[in-house]
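Engineer: 3D model of this:
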Amino acid sequence: MKKILIIEDDSFLQDLEVEKLEKNGFELITASTGKEALEKINEPDISLFVLDLTLPDTDGFEILKKIKGTETIKKIPVIVFSNMSEEKYKKEAMELGAIEFMIKSNFTLDELVDKIKTILK
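Structural biologist: Residues are numbered from 1 along each chain as shown. Model prediction:
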């Protein structure tokens, strides 16, 4: 079973993501703050990160930099799932190593699941 870390501060959306992904056979870990995310990114057997860029105590770019700067986890794919829709944010996330940038308002959770399945094939 593939393990995914969802880094999302909106508890309602986080719960929906967890429910949808568990129904699709994934194991989930969650983090609601940057601090919590940094404590969990090194957990064993994570296959993919879903990262919101707007967190209460840090910005998601710092988490992305930490993931991509850590030898043991830098190859794990990161999907940025955020409401920050300006092109400059997408450009920065992709330059930092995100594999995909999805704007929350433009995608359904089913589409997020499909994207995760495609990446983890």
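Engineer: who's the residue nearest the centre of the chain bridged to?
Structural biologist: Closest to where the C-alpha atoms of the chain average out (Cα atoms, centre = their mean) is residue 50, at 1.3 Å. Beta-bridge pairing of residue 50 under DSSP bridges involves residue 6, residue 79.
Engineer: so where's the chain uncertain?
Structural biologist: Within the chain, no stretch has pLDDT under 70.
Engineer: which residues in the chain form helices?
Structural biologist: For the chain, the helices defined by DSSP state H occupy 11-23, 34-40, 60-68, 87-96, 109-119.
Engineer: how about the shortest one: buried residues?
Structural biologist: Meaning helix 34-40. By neighbour count, with 16 or more other Cβ atoms under 10 Å as the criterion, the buried positions of helix 34-40 are 34, 37-38. For every residue, glycine as well, the C-beta is placed using N, CA and C.
Engineer: Alpha carbons only: can I get it in PDB?
Structural biologist: Written as PDB, here are the backbone C-alpha positions of helix 34-40 (Å, rounded to 0.1, in the frame of the first residue of the first chain):
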ATOM      1  CA  GLY A  34       4.800  23.500   8.600                       C
ATOM      2  CA  LYS A  35       6.400  22.300  11.900                       C
ATOM      3  CA  GLU A  36       4.300  19.200  11.900                       C
ATOM      4  CA  ALA A  37       5.200  18.500   8.200                       C
ATOM      5  CA  LEU A  38       8.900  18.900   9.000                       C
ATOM      6  CA  GLU A  39       8.600  16.300  11.700                       C
ATOM      7  CA  LYS A  40       6.800  13.800   9.400                       C
END
